[in-house]
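# mind folding the following:
(one chain, ligands or ions: 5)
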Amino acid sequence: MSHNNIRGMLIGDLILAPEAVVDLSDNQFEGSLPGKFNEADILLLDVSNNNLSGSLEQFLCPSLESERQLQVLDLANNNLSGVIPDCWTNWQALSVVNFENNNLSGELPQSVGSLSSLQSFNIRNNKLSGKLPASLLNLKSLQIIELAENDFTGSIPLLIDGEETKLKLVSLRSNKLEGEIPDELCRLTSIQILDLAHNNLSGTLPTCFYNFSIMSGRQKSSAIVLYDLPFQVQVLGSASLVTKGREFDYSTILYLVTTLDLSGNKFSGPIPMELMGLLGLRWLNLSGNHLTGRIPEAIGEMILLESLDLSLNQLDGRIPSSMSRLTTLNWLDLSSNKLTGEIPTSTQLQSFNESSFMANTLCGPPLAEICNKKRVSPGDSDGVNDDEDESDGVKWGFIISIVVGFIIGFWGVVGPLIASKAWRSAYFYFLYEVWFKIRIACRN
Ligand SMILES: *[C@@H]1O[C@H](CO)[C@@H](O)[C@H](O)[C@H]1NC(C)=O
Ligand SMILES: *[C@@H]1O[C@H](CO)[C@@H](O)[C@H](O)[C@H]1NC(C)=O
Ligand SMILES: *[C@@H]1O[C@H](CO)[C@@H](O)[C@H](O)[C@H]1NC(C)=O
Ligand SMILES: *[C@@H]1O[C@H](CO)[C@@H](O)[C@H](O)[C@H]1NC(C)=O
Ligand SMILES: *[C@@H]1O[C@H](CO)[C@@H](O)[C@H](O)[C@H]1NC(C)=O
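Ligands and ions are numbered 1, 2, ... in the order given. Prediction:
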């Protein structure tokens, strides 16, 4: 009954057959989710995009304790409030839980970490707080964990388990997390989307990026199918991601996206060389941290990069000339750093707005500032002078080869004609003969 204009309360007397798939999404149902709904053993319940309010208590905590078969529970985009009750032990079949865009508050109960079949857990944009339960990130089947836009505090929990995780998307964006990125994060070998932006995280960036096998381009990604009931319903992994400064929803092509967003934190130290090994990465945002040092020369290896934002840091030195190899780049922001010298030339780099380079000491197009080659600061002498010597060498070689070529070509022909009378008459006779033959050919 989805995508209609049905109004009113949901009533518990609705007769639901076992193993039913119930889709009431995109209507105008209101009131709370009736407890009776959980009595029949349905497989899928989608009541997203309605006006439901009240708490989840009645539905999630049945009076009769027994195992439920429900696999997909989608209550996104309603006005549900109160705490997420600690009644998850009866819902072991659950594989997709979506509570996105509601008004849920309080802490996340520990028992959520006991959902052994869970593949996707989305509670984005609620008012949840407290620490993240470590057990949640360690669930073996979990592929998507979306906790963005809440008030979670404390540090990123460690991945205790020694085994590889299946996690493809981890978003802790816009919370109040602090501390360093734990080394255990390097065990996220399948990660494609890692969004830790807008927290209070600090320390240096990790160096173990080689372990991210999809981001580093060593392994292909595949579609994220969370639930599939042939000819009835298919639930794909979805997420809303910020790129090019705007937020977009991704679903069918989500698996093609690779992004690392660490912006808006307090990370310090240099950009690690190892980060440049993420050859499969498309979007990289390190904006708004305290990063120092140079942009690694190897950045030109990341040829799939479409969006690169290093703005609002303290990066110095020149822009590596290898950046002119990034031909798929269509968004660049290097503004508000301490970069110096000339902007390398490439069709791509000069096509960006000058605001991409502002608040640095850069020169050359697209900036209006013209590069004064004599006014090179001593600190930069290594790169600049090498470049200039090289281009001068190329220019001189070109001029010399033209002069030598002219001398050999011109005097090689004219010289013998002047020197010998016999050659001269043979040459003019040959020219006359060619002219004569052409005239005859034209007349015929
Ligand atoms: C969200 O819940 C709080 C109480 O937890 C309430 O004060 C507030 O009005 C609710 N917001 C909306 C939009 O319903
Ligand atoms: C990289 O992943 C492997 C398993 O895939 C793991 O054994 C190793 O400890 C990881 N490296 C780091 C630095 O965590
Ligand atoms: C961030 O952490 C610092 C200490 O490291 C603390 O003083 C500050 O209040 C925190 N800011 C926020 C917004 O939590
Ligand atoms: C990078 O992150 C900053 C801060 O979160 C944001 O303002 C900016 O728009 C992001 N850049 C891109 C290209 O999305
Ligand atoms: C460059 O960006 C500034 C502000 O961000 C804007 O006002 C200006 O129109 C842009 N210029 C071009 C050529 O897009």
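# what about the residue most central in space within the chain, distance to residue 431?
Nearest residue to the geometric centre of the chain (Cα atoms, centre = their mean): residue 259, 1.9 Å. Separation of residue 259 from residue 431 (Cβ to Cβ, to the nearest Å) stands at 71 Å. C-beta here means a position set from N, CA and C on the backbone, and glycine is covered the same way.
# residues contacting the nearest residue to the residue nearest to the centre of the chain once chain neighbours are set aside?
Distances taken as Cβ to Cβ, 6 or more residues apart in numbering put residue 283 closest to residue 259, at 4.0 Å, once the chain neighbours are dropped. For residue 283, the contacting residues are 243, 257-261, 305-308, by Cβ atoms under 8 Å, 6 or more residues apart in numbering.
# switch to 10 Å and redo it
193, 241-244, 257-261, 304-309, 331 (Cβ atoms under 10 Å, 6 or more residues apart in numbering).
# and for residue 221?
Neighbouring residues of residue 221 by Cβ under 10 Å, 6+ apart: 168, 190, 192, 213-215, 254-258, 280.
# and the helices in the stretch 251-400 of the chain?
Under the criterion DSSP state H, counting those that start in this stretch, the stretch 251-400 of the chain carries helices at the ranges 381-419.
# residue ranges with poor pLDDT in it?
Low-confidence segments of the stretch 251-400 of the chain (pLDDT under 70): 373-397.
# one more time with 50
Within the stretch 251-400 of the chain, the segments meeting pLDDT under 50 span 376, 378-392.
# picking that back up, what pairs with the residue nearest to the centre of the chain across the strands?
residue 193, residue 283 (DSSP bridges).
# quick one: it from residue 203, how far?
21 Å.
# cool, and residue 134?
Relative to residue 203, residue 134 is positioned 19 Å away (Cβ to Cβ).
# also residue 314?
16 Å.
# now residue 20
50 Å.
# ok, now residue 370?
Residue 370 is 41 Å from residue 203, where distance means Cβ to Cβ.
# more neighbours, these two?
Between residue 370 and residue 203, counting by other Cβ atoms under 10 Å, residue 203 is the more crowded of the two (14 against 10).
# next one: phi and psi at the more buried one?
Main-chain torsions, residue 203, degrees, to the nearest 10: phi 90, psi -180.
# show me the contacts for it.
Residue 203 sits in contact with 179-182, 265-269, where contact means Cβ under 10 Å, 6+ apart.
# mind running it again at 8 Å?
Residue 203 sits next to 179-181, 267-269 when contact means Cβ under 8 Å, 6+ apart.
# so the residue nearest to the centre of the chain touches residue 281, yeah?
Yes: counting by Cβ atoms under 8 Å, residue 281 is a contact partner of residue 259 at 7.3 Å.
# most neighbours, which of the contacts of residue 221?
Ranked by neighbours (other Cβ under 10 Å), the contacts of residue 221 are led by residue 215, which has 29 neighbours.
# that one falls within a strand, correct?
No: with DSSP: H, G, I helix; E, B strand; the rest coil as the criterion, residue 215 is assigned coil and is not in a strand.
# hang on, isn't it packed against residue 275?
No: with contact defined as Cβ under 8 Å, residue 215 does not count as touching residue 275 (9.9 Å).
# can you work out which residues contact both of those two?
The contact lists of residue 215 and residue 275 share residue 209, where a contact means Cβ under 8 Å, 6+ apart.
# can you select the buried ones from the contacts of residue 283 in ChimeraX?
Selecting the buried subset of the contacts of residue 283 in ChimeraX, with 16 or more other Cβ atoms under 10 Å as the burial test, is done by:
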select :193,241,242,243,257,258,259,260,261,305,306,307,308,309,331
